[in-house]
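>>> One predicted model, sequence on top.
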Amino acid sequence: MAEQHVIMDEIAIRRALTRIAHEILERNKGIEDCMLVGIRRRGVFLAKRLAQRIEEIENASIPVGELDVTAYRDDLEESILKDESPPASGADGAYPPTRGKRIILIDDVLYTGRTIRAGMDALMDMGRPQSIQLAVLVDRGHRELPIRPDYVGKNVPTSKLEQIEVTLTEIDTKDQVVIFQGRG
Ligand SMILES: O=P(O)(O)OC[C@H]1O[C@H](OP(=O)(O)OP(=O)(O)O)[C@H](O)[C@@H]1O
Ligand SMILES: O=c1cc[nH]c(=O)[nH]1
């Protein structure tokens, strides 16, 4: 098995999310009209953790939505029909209203930017938001589209041969970010 290096442990992930929660509040001057939207799958858990921290800091709740970008990807042989799979849902399965919201889109890793492009298209199809901001736990560079994050847990310069893997306790054994040599 390829050698792995831990670049963020549980404590580092926790601190990064706490910092991002404060940055979101500072930039938006609170949470009015704000909504967190996590990209499935791990972005959703990060969004829920951020919502919890924001709630603790502000003593007010912020809506959380889930986004499945599969139908909007540009790397599928045959795109799944958009109306066959609903792109988004709230934490309780209901569609959250996105029109007019300041949306903070959340994902674990930002690489080429293609997932985020798909996410923005999905959001636009659901109703015109006031704005979209982007929060990621790790930015590893190598963008193929003009997309940049507003909030970053950790910038990790990488080669294209390396892989970043984020694991979260909600679905994995531990909270951790590792880097290893992949297939590029
Ligand atoms: O900027 P990009 O080049 O689009 O890469 C980033 C995406 O890649 C990963 O998802 P992946 O499709 O590998 O699936 P996973 O969530 O199951 O890991 C990651 O979770 C991001 O969503
Ligand atoms: O290294 C990478 C690239 C894209 N997505 C990941 O999760 N890791």
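Now that the structure is in, tell me what you want to look at. Ligands and ions are numbered 1, 2, ... in the order given.

>>> List phi and psi for Thr70.
phi -50, psi -50 (degrees, to the nearest 10).

>>> what's the answer for the one 4 residues further on, then?
As for Asp74, its main-chain torsions (degrees, to the nearest 10) stand at phi -100, psi 10.

>>> Heading C-terminal from the longest helix seen in the chain, find the next helix or strand.
Criterion DSSP state H: the longest helix present in the chain is helix 10-28. Counting by DSSP states H and E, the next helix or strand C-terminal to helix 10-28 is strand 34-39.

>>> Give me the residues contacting that next one.
Contacts with strand 34-39, where a contact means Cβ atoms under 8 Å, 6 or more residues apart in numbering, come from 24, 28, 44-48, 50-51, 54, 62-67, 69, 88, 96, 98, 101-107, 115-116, 119, 123. Placement of C-beta: from N, CA and C, glycine included.

>>> Cross-reference those with the helices and report the matches.
24, 28, 44-48, 50-51, 54, 115-116, 119, 123.

>>> Between those, which sits nearest His5?
Leu46 (21.3 Å; Cβ to Cβ).

>>> Please name the spatially closest residue to Arg14 (chain neighbours excluded).
Asp175 (7.6 Å; Cβ to Cβ, 6 or more residues apart in numbering).

>>> Tell me how many other residues surround the one you found.
By other Cβ atoms under 10 Å, 20 other residues sit near Asp175.

>>> wait, isn't it in contact with Leu137?
No: between Asp175 and Leu137 there is no contact under Cβ atoms under 8 Å: 10.2 Å.

>>> Which positions in this protein make contact with ligand 2?
Residues of the chain lying close to ligand 2 (Cβ under 6 Å from any ligand atom) are 109, 111, 140, 163-164.

>>> list the contacts for Val156?
7, 138-141, 164, 179.

>>> how about stretch 45-61 as PDB, C-alpha atoms only?
The C-alpha trace of stretch 45-61 is given here as PDB (Å, rounded to 0.1, in the frame of the first residue of the first chain):
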ATOM      1  CA  PHE A  45     -21.100  16.300   7.000                       C
ATOM      2  CA  LEU A  46     -18.800  19.300   6.900                       C
ATOM      3  CA  ALA A  47     -21.800  21.600   6.300                       C
ATOM      4  CA  LYS A  48     -23.600  20.100   9.300                       C
ATOM      5  CA  ARG A  49     -20.500  20.500  11.500                       C
ATOM      6  CA  LEU A  50     -20.200  24.200  10.400                       C
ATOM      7  CA  ALA A  51     -23.900  24.800  11.100                       C
ATOM      8  CA  GLN A  52     -23.400  23.400  14.600                       C
ATOM      9  CA  ARG A  53     -20.500  25.700  15.300                       C
ATOM     10  CA  ILE A  54     -22.300  28.700  13.800                       C
ATOM     11  CA  GLU A  55     -25.200  27.900  16.000                       C
ATOM     12  CA  GLU A  56     -23.000  27.800  19.100                       C
ATOM     13  CA  ILE A  57     -21.400  31.100  18.200                       C
ATOM     14  CA  GLU A  58     -24.500  33.000  17.100                       C
ATOM     15  CA  ASN A  59     -27.200  31.300  19.100                       C
ATOM     16  CA  ALA A  60     -29.300  31.100  15.900                       C
ATOM     17  CA  SER A  61     -29.700  28.300  13.400                       C
END
